[in-house]
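**Q** here is my input, please return the structure:
(one chain, ligands or ions: 1)
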Amino acid sequence: MKVKQYEKKDFAWTKWGAKEMKKLAPFLLEEKKKAYEKIKQILKEERTFDNTVRAIESSGDKTGDNISIIHLLMEVSPSKDTRETAKKVIDKFQKEALDVEFDEGIYKALKEYETGNFKKEKAKLDADDIKLFGDMLRDYKRMGFELDKKDQEKLKNNLKNIGSLGIRFSKNINDYEDHILLSENETAGLPASFLKMLKKDKDGRYIVTLDYPDFYPFMQNAENAKKRKELVDKSLKKGGKDNLSLVSKILKLREANAKLLGYKHHGDYKTETRMAKNADNVLRFLKDLLPTLSKEVKKEIKELADLKARITGDKKAKIEYYDLLYYSNLLKKEKFNIDNERVREFFPLEMVKNGTFEIYAKLFSVEFERMRDYPTWHKDAELYAVRDGGEIIAYFFMDMHPRVGKYGHFMATEVISGREDMISGEYVAPVACTVCNFRKSSKGSPSLLDHSEVETFFHEFGHVMHQVLTKARYVSQSGTSVTRDFVEAPSQMFEEWVWKEEALSLLSGHFKNNKEKLPEDILKNMMASKRHMIGYFYARQIVIALCDMMMHTGASKETPNEVYNNLTEKYLHIKMPRNNMWLAGFGHFIGYDAGYYSYLWSKVYAMDMFSIFEKEGLLNAKTGADYRKLVLEKGSSEEEMSLVKNFLGRKPNNKIFLKEIGIIK
Ligand SMILES: [Zn+2]
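**A** I've put the predicted structure just below:
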């Protein structure tokens, strides 16, 4: 398929401001509405895959591009006015889109095709066509179109309520502010660079807030246990009492909707469309891992308690909920003695970027070319083209440094989804973007990354590859549009590269002399530290995932917060304070509901797929080509499970995952 080539003017959207967005806003859904009207008028006997199923699918393509663009600019535009306008446009769009999507006539059109010409056409349709149609029918059913009018209204109302209660829940968390005050004599253990960053009150005391850049360094380094307790206790109130009542309201509404649609519970409803297929599979997966893992955790906590006993002189010292991060950090320093600032010297951003390009280019036989003089939203955002056999097949942006008002974490996102254009038949080249926040270079020192940032970058770039190498014909099957419990797998797999010498020799080089590679003793320590507290890390994920799935399956008579407390005590060997409100600050409750298990679930497949590369070579272009063709290019045009099987050449298993998390030695 011929790939559509872009010119500079095709990137004019990077310069959109509030004016352009306001102009566009009233027309965002226009094209879709028009297409829907046309589709509804077709007579049953004239319905075909192209004029019905494919027409419904592609009716959202242009809208999708525009919304993705506005969404991206909301996160990265240097203009506050643009960012705020973008947010308003998106909020309004989401409300209106719900009404457009809930179109009975479109569901009828699909049913007419199913009972009509589908039978005749089926034999000549491709597998991705049939999957598209099946998924579409299923999704309309999940929207309640098989219910009678009254129940359908109920369902839609519940959805709207869940939406607005959910926004209130998230807002309660985002707006929640609290802090502790520190006098100079309470700062023992805290690095000078950290203290310098903190604000002070009028009496000169340091203010430590609940925000991540304050909270974690404080909990990891502050010697003063009373102050650590004070801060965690405050953090365990995050979200406030209102959120606890919102959780029970939302749980009831989710449950009601699942029942209306004929599911046992929200857990089954959410997992039906995923690799896991049902909530029981998830619960079994989690419960199988926990008891064995818990034995590892017990050893780890014991080691921390011994350290605490040695330091405090109290032989009976126990690890409390406010001790964990502190003693874990202390033990890590004692055992591995890794100087992060020294490690950074070996990971200058340019070196990491070029090394990353080199590795991915080798693996997938592509080239990356910097496109200068193309429009971008900020001078820090760079555009690259991906060439395959000389021809440009995709583009991606990289926006690497923090700015005022810019998205503060790391992400990779699709701006234009790769797809076949229904009219021209050309392939629409995907455009992806990765947003990072690496320290900027300053006089005398280039931008230097620590090892975990190298890992994150490599991970995000894995998502970019998934997006730009796609050959899926439909947007809903394109790039990273795969199930939630698979989407992280490719990137989780690539994380393993940054722990291997073969890749590190390409990624690292001292900023003063890049021939000087990461010294062996540092490398050894880093490798060893990868397993520090790994049992606890995974067990905690499982505890939260269990808690999330149990509250969405009605599996426990206890409140979700009690479930969390009990699981934490039983399996993590940490006693939580009475009456804590952990649940009120559990942000993943909105949007990631009955989905917290996904990270662990996809890790099983990530580790299994990695074993093939480990055997065949981390830079093996043949294995890379297989992976590209069998997994990355496919998106979700085939079931995710069969993608994995095809690449492995066998059924997947969890052996390497169990080894990774410390269950198998
Ligand atoms: Zn990711």
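
**Q** so residue 82 touches residue 21, yeah?
**A** Yes: using CB atoms under 8 Å, residue 82 makes contact with residue 21 at a distance of 7.2 Å. Glycine gets a C-beta too; all of them are placed from N, C-alpha and C.

**Q** what's the overlap in contacts for the two?
**A** residue 73 (CB atoms under 8 Å, 6 or more residues apart in numbering).

**Q** nearest the geometric middle of the chain, what residue?
**A** residue 488 (6.9 Å; CA atoms, centre = their mean).

**Q** please enumerate the strands of the stretch 251-400 of the chain.
**A** Along the stretch 251-400 of the chain, the stretches classed as strands by DSSP state E, counting those that start in this stretch are 367-370, 381-388, 391-399.

**Q** about what we covered before: from residue 310, how far out is the residue nearest to the centre of the chain?
**A** 39 Å (CB to CB, to the nearest Å).

**Q** and residue 369, by the same measure?
**A** According to CB to CB, residue 369 stands 57 Å off from residue 310.

**Q** before we move on, what about residue 329?
**A** Where residue 310 is concerned, residue 329 sits at a distance of 15 Å (CB to CB).

**Q** likewise for residue 560?
**A** Distance from residue 560 to residue 310, by CB to CB: 37 Å.

**Q** give me the more crowded residue out of the two.
**A** Neighbours per residue (other CB atoms under 10 Å) separate residue 560 from residue 310, with residue 560 holding more: 21 against 11.

**Q** in terms of pLDDT, where does that one sit?
**A** The per-residue pLDDT reported for residue 560 equals 94.

**Q** mind listing what's buried along the helix or strand encompassing residue 107?
**A** Secondary structure assigned from DSSP states H and E places residue 107 in helix 104-115. Of the residues in helix 104-115, 106-107, 109-114 count as buried by neighbour count, 16 or more other CB atoms under 10 Å.

**Q** and if you look at stretch 230-247?
**A** For stretch 230-247, by 16+ other CB under 10 Å, it's 230-232, 234-240, 243-244, 246-247.

**Q** next one: stretch 359-375
**A** Buried residues in stretch 359-375 (16+ other CB under 10 Å): 359-361, 363-364, 366, 368, 371, 374.

**Q** for those residues, which one is nearest residue 187?
**A** The closest of the buried residues of stretch 359-375 to residue 187 turns out to be residue 359 (CB to CB; 42.6 Å).

**Q** wait, residue 601 sits on residue 284?
**A** No: counting by CB under 8 Å, residue 601 stays clear of residue 284, with 11.7 Å between them.

**Q** was I right about the residue nearest to the centre of the chain contacting residue 604?
**A** No: between residue 488 and residue 604 there is no contact under CB under 8 Å: 11.1 Å.

**Q** chain center to stretch 189-196: distance?
**A** Averaging C-alpha positions (CA atoms, centre = their mean, to the nearest Å) puts stretch 189-196 31 Å from its chain's average.

**Q** quick check: mean pLDDT across it?
**A** Rounded mean pLDDT across stretch 189-196 is 90.

**Q** report the buried residues of it.
**A** Those would be 189-190, 194, for stretch 189-196 by 16+ other CB under 10 Å.

**Q** and what of stretch 388-403?
**A** So, applying 16+ other CB under 10 Å, buried residues of stretch 388-403: 388, 392-401.

**Q** ok, now stretch 647-658?
**A** 647-648, 652, 654, 656-658.

**Q** what pLDDT is listed against residue 409?
**A** Residue 409 carries a pLDDT value of 86.

**Q** could we number from 801 for the rest of this?
**A** Fine by me, first position is 801 from now on; the one you just mentioned is residue 1209.

**Q** any idea what sits nearest it, other than its immediate chain neighbours?
**A** residue 1237 (7.0 Å; CB to CB, 6 or more residues apart in numbering).

**Q** for that neighbour, what are phi and psi?
**A** Main-chain torsions, residue 1237, degrees, to the nearest 10: phi -140, psi 70.

**Q** got it, and residue 1147?
**A** The phi/psi pair for residue 1147 (degrees, to the nearest 10) reads phi -130, psi 60.

**Q** what's the neighbour count on the residue nearest to it when sequence neighbours are not counted?
**A** Nearest residue to residue 1147 in three dimensions, chain neighbours excluded: residue 1249, at 4.3 Å (CB to CB, 6+ apart). Residue 1249 is flanked by 24 other residues according to other CB under 10 Å.

**Q** shouldn't residue 1249 be in contact with residue 1153?
**A** No: using CB under 8 Å, residue 1249 is not in contact with residue 1153; the gap is 9.6 Å.

**Q** done for today, thanks.
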